[in-house]
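In: Provide a 3D model corresponding to the input given below.
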Amino acid sequence: MPPDLEFENKARREGYHCIAGVDEAGRGPLAGPVVAAAVVFPGIPPVQGLNDSKKLTEPRREALYEALIGSAEVSWAVGVIGPPEIDRINILQATRRAMEIALSALDPPPDLALLDGLPFREFAFPHRAIVRGDARSLSIAAASIIAKVTRDRLMRRMNGEFPGYGFDRNKGYGTAEHLDALRRIGPCPAHRRSFSPVAQASLPGLG
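Out: Numbers count the residues shown, from 1 in each chain. The predicted model follows:
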(Lines give C-alpha, C1' and ligand atoms only; values in the text may rest on other atoms or scores of the structure.)
Protein backbone atom coordinates (compact mmCIF):
# COMPACT_ATOMS: atom_id res chain seq x y z
CA MET A 1 0.00 0.00 0.00
CA PRO A 2 1.33 3.48 -0.86
CA PRO A 3 1.45 6.18 1.81
CA ASP A 4 -1.70 8.17 2.46
CA LEU A 5 -3.08 10.91 4.72
CA GLU A 6 -4.50 8.67 7.45
CA PHE A 7 -2.24 10.02 10.20
CA GLU A 8 -2.54 13.65 9.08
CA ASN A 9 -6.34 13.46 8.85
CA LYS A 10 -6.60 11.78 12.25
CA ALA A 11 -4.55 14.58 13.79
CA ARG A 12 -6.76 17.21 12.13
CA ARG A 13 -9.87 15.56 13.54
CA GLU A 14 -8.24 15.85 16.97
CA GLY A 15 -7.84 19.59 16.55
CA TYR A 16 -4.30 19.97 15.18
CA HIS A 17 -3.99 22.44 12.32
CA CYS A 18 -0.37 22.58 11.15
CA ILE A 19 0.98 19.02 10.90
CA ALA A 20 4.50 18.39 9.68
CA GLY A 21 5.93 15.15 8.40
CA VAL A 22 9.58 14.70 9.39
CA ASP A 23 12.26 12.28 8.24
CA GLU A 24 16.04 12.09 8.11
CA ALA A 25 18.75 10.81 5.82
CA GLY A 26 22.24 9.81 6.83
CA ARG A 27 22.15 8.19 10.25
CA GLY A 28 24.27 5.22 9.23
CA PRO A 29 27.05 6.52 6.94
CA LEU A 30 30.67 6.88 8.01
CA ALA A 31 30.96 10.34 6.45
CA GLY A 32 28.91 13.42 5.78
CA PRO A 33 26.06 15.12 7.62
CA VAL A 34 22.75 13.87 8.89
CA VAL A 35 19.96 15.79 7.18
CA ALA A 36 16.36 16.12 8.34
CA ALA A 37 13.44 17.59 6.43
CA ALA A 38 10.03 18.76 7.58
CA VAL A 39 7.08 19.11 5.21
CA VAL A 40 3.57 20.53 5.67
CA PHE A 41 0.77 20.05 3.17
CA PRO A 42 -2.26 22.38 3.41
CA GLY A 43 -4.58 19.53 2.45
CA ILE A 44 -4.29 17.16 -0.49
CA PRO A 45 -0.63 17.01 -1.58
CA PRO A 46 -0.13 18.88 -4.86
CA VAL A 47 2.56 16.39 -5.94
CA GLN A 48 1.61 12.88 -7.03
CA GLY A 49 3.68 9.70 -6.75
CA LEU A 50 5.19 10.35 -3.32
CA ASN A 51 6.66 7.35 -1.53
CA ASP A 52 9.46 6.29 0.80
CA SER A 53 12.59 7.67 -0.85
CA LYS A 54 14.28 4.26 -0.59
CA LYS A 55 11.63 2.82 -2.93
CA LEU A 56 12.30 5.40 -5.65
CA THR A 57 15.00 5.57 -8.28
CA GLU A 58 17.42 8.49 -8.08
CA PRO A 59 15.94 10.24 -11.15
CA ARG A 60 12.43 9.86 -9.71
CA ARG A 61 13.54 11.23 -6.32
CA GLU A 62 15.16 14.22 -8.04
CA ALA A 63 12.00 14.93 -10.05
CA LEU A 64 9.75 14.72 -6.99
CA TYR A 65 12.16 16.89 -5.00
CA GLU A 66 11.99 19.62 -7.64
CA ALA A 67 8.20 19.37 -7.74
CA LEU A 68 7.93 19.61 -3.94
CA ILE A 69 10.23 22.57 -3.43
CA GLY A 70 8.77 24.31 -6.46
CA SER A 71 5.18 24.13 -5.21
CA ALA A 72 3.80 27.22 -3.50
CA GLU A 73 1.42 24.91 -1.60
CA VAL A 74 4.20 22.99 0.14
CA SER A 75 5.91 24.36 3.24
CA TRP A 76 9.27 22.73 3.85
CA ALA A 77 12.59 23.18 5.61
CA VAL A 78 15.74 21.20 6.29
CA GLY A 79 18.17 20.84 9.19
CA VAL A 80 21.77 19.75 8.69
CA ILE A 81 24.21 18.55 11.36
CA GLY A 82 27.80 17.94 10.25
CA PRO A 83 30.36 15.33 11.31
CA PRO A 84 32.04 17.38 14.12
CA GLU A 85 28.71 17.88 15.89
CA ILE A 86 27.71 14.25 15.30
CA ASP A 87 30.96 13.19 16.98
CA ARG A 88 30.38 15.60 19.85
CA ILE A 89 26.77 14.71 20.76
CA ASN A 90 26.29 11.27 19.06
CA ILE A 91 24.21 10.40 16.01
CA LEU A 92 20.90 9.97 17.86
CA GLN A 93 21.06 13.44 19.40
CA ALA A 94 22.32 14.90 16.12
CA THR A 95 19.30 13.41 14.34
CA ARG A 96 16.97 14.90 16.94
CA ARG A 97 18.66 18.28 16.62
CA ALA A 98 18.46 18.24 12.81
CA MET A 99 14.74 17.51 13.03
CA GLU A 100 14.20 20.33 15.52
CA ILE A 101 16.10 22.76 13.27
CA ALA A 102 13.93 21.81 10.30
CA LEU A 103 10.71 22.17 12.29
CA SER A 104 11.80 25.50 13.79
CA ALA A 105 12.38 26.89 10.30
CA LEU A 106 8.78 26.29 9.21
CA ASP A 107 6.48 29.32 9.11
CA PRO A 108 4.05 28.98 10.77
CA PRO A 109 5.56 26.52 13.22
CA PRO A 110 3.74 23.17 13.38
CA ASP A 111 1.58 22.20 16.32
CA LEU A 112 2.29 18.50 15.70
CA ALA A 113 5.17 16.64 14.09
CA LEU A 114 4.82 13.15 12.62
CA LEU A 115 8.22 11.48 12.86
CA ASP A 116 9.46 8.44 11.00
CA GLY A 117 10.71 5.84 13.46
CA LEU A 118 10.65 5.88 17.26
CA PRO A 119 9.75 8.71 19.64
CA PHE A 120 12.32 10.89 21.36
CA ARG A 121 12.27 11.16 25.14
CA GLU A 122 12.90 14.89 24.84
CA PHE A 123 11.82 16.85 21.79
CA ALA A 124 11.10 20.53 21.19
CA PHE A 125 7.74 19.91 19.47
CA PRO A 126 4.68 17.78 20.21
CA HIS A 127 5.22 14.67 18.13
CA ARG A 128 4.03 11.23 17.22
CA ALA A 129 6.42 8.58 15.99
CA ILE A 130 5.30 6.22 13.24
CA VAL A 131 7.28 3.07 12.53
CA ARG A 132 7.92 2.90 8.79
CA GLY A 133 6.27 6.28 8.57
CA ASP A 134 7.97 7.14 5.29
CA ALA A 135 5.98 4.31 3.67
CA ARG A 136 2.71 5.15 5.46
CA SER A 137 2.36 8.94 5.68
CA LEU A 138 2.45 11.21 2.64
CA SER A 139 3.98 14.14 4.49
CA ILE A 140 6.72 11.91 5.96
CA ALA A 141 7.32 10.40 2.51
CA ALA A 142 7.76 13.92 1.11
CA ALA A 143 10.18 14.73 3.94
CA SER A 144 12.15 11.56 3.20
CA ILE A 145 12.58 12.63 -0.43
CA ILE A 146 13.71 16.15 0.43
CA ALA A 147 16.12 14.90 3.11
CA LYS A 148 17.60 12.21 0.85
CA VAL A 149 18.09 14.43 -2.21
CA THR A 150 19.51 17.27 -0.11
CA ARG A 151 22.03 14.94 1.50
CA ASP A 152 22.96 13.23 -1.76
CA ARG A 153 23.73 16.62 -3.31
CA LEU A 154 25.87 17.55 -0.33
CA MET A 155 27.80 14.30 -0.67
CA ARG A 156 28.44 14.90 -4.35
CA ARG A 157 29.83 18.30 -3.42
CA MET A 158 32.02 16.68 -0.74
CA ASN A 159 33.34 14.29 -3.37
CA GLY A 160 34.84 17.30 -5.13
CA GLU A 161 36.37 18.57 -1.90
CA PHE A 162 37.66 15.20 -0.73
CA PRO A 163 38.29 12.95 -3.75
CA GLY A 164 39.32 9.33 -3.46
CA TYR A 165 36.51 7.98 -1.28
CA GLY A 166 33.76 7.74 -3.90
CA PHE A 167 31.35 9.95 -1.97
CA ASP A 168 29.43 10.67 -5.17
CA ARG A 169 28.64 6.94 -5.42
CA ASN A 170 28.54 5.61 -1.86
CA LYS A 171 27.19 8.80 -0.23
CA GLY A 172 29.44 8.13 2.76
CA TYR A 173 28.20 4.61 3.49
CA GLY A 174 30.72 1.90 4.33
CA THR A 175 30.99 0.22 0.94
CA ALA A 176 34.00 -1.90 0.01
CA GLU A 177 35.32 1.00 -2.06
CA HIS A 178 34.97 3.43 0.83
CA LEU A 179 36.54 1.10 3.41
CA ASP A 180 39.46 0.41 1.09
CA ALA A 181 40.04 4.17 0.72
CA LEU A 182 39.95 4.58 4.49
CA ARG A 183 42.67 1.94 4.84
CA ARG A 184 44.81 3.46 2.09
CA ILE A 185 44.55 7.21 2.74
CA GLY A 186 42.90 7.51 6.13
CA PRO A 187 39.97 9.72 7.17
CA CYS A 188 39.24 13.22 5.88
CA PRO A 189 37.34 16.13 7.50
CA ALA A 190 34.05 14.74 6.15
CA HIS A 191 34.37 11.56 8.23
CA ARG A 192 32.67 10.84 11.54
CA ARG A 193 35.59 10.07 13.84
CA SER A 194 33.37 8.46 16.47
CA PHE A 195 32.20 5.74 14.07
CA SER A 196 34.18 2.53 14.54
CA PRO A 197 35.67 1.95 11.05
CA VAL A 198 36.81 5.57 10.90
CA ALA A 199 38.23 5.47 14.41
CA GLN A 200 40.14 2.29 13.58
CA ALA A 201 41.52 3.84 10.37
CA SER A 202 42.80 6.78 12.44
CA LEU A 203 45.04 4.56 14.59
CA PRO A 204 48.78 4.69 13.90
CA GLY A 205 49.87 2.02 11.49
CA LEU A 206 46.33 1.28 10.26
CA GLY A 207 45.82 4.22 7.92
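
In: So for the helix or strand of the chain at the bottom of the mean pLDDT ranking, what gets flagged as buried?
Out: Least confident helix or strand of the chain, by mean pLDDT, DSSP states H and E, is helix 196-201 with a mean of 86. Within helix 196-201, the residues scored as buried using 16 or more other CB atoms under 10 Å are Pro197, Val198, Ala199, Ala201. Using the backbone N, CA and C atoms, a C-beta is placed for each residue, glycine as well.

In: list the helices and strands that helix packs on?
Out: Helix 196-201 sits against helix 176-185, with contacts defined as 3 or more CB pairs under 8 Å, 6 or more residues apart in numbering; DSSP states H and E.

In: re earlier: and the contacts of the least confident helix or strand of the chain?
Out: 30-31, 174, 179, 182-183, 186-187, 191-193, 206-207 (CB atoms under 8 Å, 6 or more residues apart in numbering).

In: still on that earlier bit, for Phe41, state which of the buried residues of helix 196-201 is nearest.
Out: Taking CB to CB as the measure, Phe41 lies nearest Val198 of those, at 38.3 Å.

In: For the nearest residue to Gly32 once chain neighbours are set aside, give its distance to Leu138.
Out: Spatially, and ignoring its direct neighbours in sequence, Gly32 is nearest to Gly172 (3.9 Å; CB to CB, 6 or more residues apart in numbering). Here the criterion is CB to CB, to the nearest Å. By it, Gly172 lies 28 Å from Leu138.

In: the more surrounded of those two?
Out: Shown here are Gly172 and Leu138; by other CB atoms under 10 Å, Gly172 has more neighbours (26 against 23).
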